[in-house]
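Participant: 3D model of this:
(one chain, ligands or ions: 1)
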Amino acid sequence: MEQTLKGTIIYGDEFEPIDGYITIENGIIKNVEESAVASDVIIAPCFVNAHTHIGDSVIKDPPFMPLPELVQPPNGLKHRILRQTSYPDLIISIRASIRDMIKTGTCAFCDFREGGLAGARALHEALGTNPDIKAWIFGRPDDKDMNYLDICHGTGLSSTNDLEMEYVQDILKKTREKGKKFAIHAGEKDSSDITSALALDPDFLVHLTNATNKDIKTVADAQIPVVVCPRSNYMTRSGIPPITEMLDAGIPVAVGTDNVMLNSANMFSEMEILVKTKVYDDRQVFKLCTLNGAKLLGIDKESGSIKKGKKARLMILSKKSDNMQGIKNPLGSLVRRARPDDIIRII
Ligand SMILES: [Zn+2]
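Facilitator: Residues are numbered from 1 along each chain as shown. All right, here's what the predicted structure looks like:
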């Protein structure tokens, strides 16, 4: 089946706005043709949300409290509530967050799933065979059981500060033996767990909010990608991640919305925070939230930007909504002010 879309296309890996047509055949972008046509829409690639904890969708509005009391395993508020949540309620709430991600323009996400094998199974069940979103699941052991690895893409740990280093080394070894990925939070609350996290040679790190210049240089030299979660860091009062410093050092940076408990899984909100508090570069921010996430997950050949041969994972936004009416700079407006309700259609 072939279809042709007309609009201002946020084109290619440099996200250049061009007017023209996109032809899609069997879900693949067959052609992009520049043409001076007037249109009422922006056609943009969908987001890649590189870090979520979708399992805590059952908790939407926790009290403001110190980060460890909120999220630290095993007895942080989040873990206590998760233990009390029934399986059907867990599935209902995770499914709602998945629908919300799709509706707000996300086509792939990477989740750190707690609860061992049962936790990973719950996310698989909630996902079902939904073709509209791809999930990468990074599980973690439950009571030393590592069977989650059979149905996960890898291991995603909370922090080296939360576990005995010997145990962490064992988890890493078993993860590698299964040929799976290993990722870990580091530098969220302070910088105390960064050196030990780096010693594990992870596939990627999450946060690095409190990284020193020396840490940034080490991460850059090792070319370890970092997922930043600025809204989450604001919410937990952890600081502002040194994103521009990381980018200047040549670190591959992607963006995640982190715990659903703290933030909606809406990447428009993440873009707005990034562009207005730290990065001040529309193109860079959009790239962090799309192509860089796709690279992190190894799907940049098929997703993350609009190019011939890639999958048509697109969001079509109105240029005539009350919010977008009169825009002159499509990329700037998309990054700084567009909202999910400006989306007309997701492909
Ligand atoms: Zn996290």
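
Participant: so how many other residues sit close to F47?
Facilitator: Around F47 there are 30 other residues, counting by other Cβ atoms under 10 Å. C-beta coordinates here come from the backbone N, C-alpha and C atoms, glycine included.

Participant: any idea how far the nearest residue to it once chain neighbours are set aside lies from I9?
Facilitator: If you skip the residues right next to it in sequence, F47 has M267 as its closest partner in space, 4.0 Å away by Cβ to Cβ, 6 or more residues apart in numbering. From M267 over to I9 the distance is 19 Å, taken as Cβ to Cβ, to the nearest Å.

Participant: Let me see the ranges of the helices in the stretch 151-300 of the chain.
Facilitator: All helices of the stretch 151-300 of the chain, identified by DSSP state H, counting those that start in this stretch, fall at 165-177, 194-198, 213-222, 230-235, 243-249, 267-277, 282-289, 291-297.

Participant: Contacts for the longest one, please.
Facilitator: Contacts of helix 165-177 from elsewhere in the structure, counted by Cβ atoms under 8 Å, 6 or more residues apart in numbering, are 140-141, 146, 149, 154-155, 157, 160, 163, 181-182, 196, 200.

Participant: circling back to that earlier point, turn the helices of the stretch 151-300 of the chain into a markdown table, including distance to N259 and mean neighbour count.
Facilitator: As requested, those are exported to a markdown table (distance: least, Cβ to Cβ, whole Å; neighbours: other Cβ atoms under 10 Å):
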| stretch | distance to N259 | mean neighbour count |
| --- | --- | --- |
| helix 165-177 | 21 | 15 |
| helix 194-198 | 19 | 20 |
| helix 213-222 | 23 | 16 |
| helix 230-235 | 6 | 21 |
| helix 243-249 | 19 | 17 |
| helix 267-277 | 13 | 21 |
| helix 282-289 | 18 | 23 |
| helix 291-297 | 17 | 24 |
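
Participant: Can you convert those helices into a markdown table and add a column each for distance to V48 and mean pLDDT?
Facilitator: Formatted as a markdown table, the entries for the helices of the stretch 151-300 of the chain read as follows, by distance: least, Cβ to Cβ, whole Å; pLDDT from 0 to 100:
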| stretch | distance to V48 | mean pLDDT |
| --- | --- | --- |
| helix 165-177 | 22 | 96 |
| helix 194-198 | 23 | 95 |
| helix 213-222 | 20 | 95 |
| helix 230-235 | 16 | 94 |
| helix 243-249 | 16 | 97 |
| helix 267-277 | 8 | 96 |
| helix 282-289 | 7 | 98 |
| helix 291-297 | 3 | 97 |
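
Participant: And those: which comes nearest P66?
Facilitator: Distances from P66 to each of those were compared by Cβ to Cβ, and the smallest falls on helix 230-235, at 12.1 Å.

Participant: who touches the closest one?
Facilitator: 188, 207, 209, 238-241, 243, 255-259, 262-263, 269-270, 273-274, 277-278.

Participant: cool, stretch 5-14 as well?
Facilitator: Outside of stretch 5-14, the residues within contact range by Cβ under 8 Å, 6+ apart are 16-22, 24, 32, 37, 39-45, 283, 286-287, 291, 305-307, 314, 316, 319, 330-331, 334, 347.

Participant: So which of those residues are in strands?
Facilitator: Among the contacts of stretch 5-14, the residues falling in strands (DSSP state E) are 16-22, 24, 32, 41-45, 314, 316.

Participant: List only those of these flagged as buried.
Facilitator: Among the ones in strands among the contacts of stretch 5-14, those classed as buried by 16 or more other Cβ atoms under 10 Å are 17-22, 24, 32, 41-45, 314, 316.

Participant: now, the most widely separated pair of the residues you listed?
Facilitator: With Cβ to Cβ as the measure, no two of those lie farther apart than P17 and I24, at 19.0 Å.
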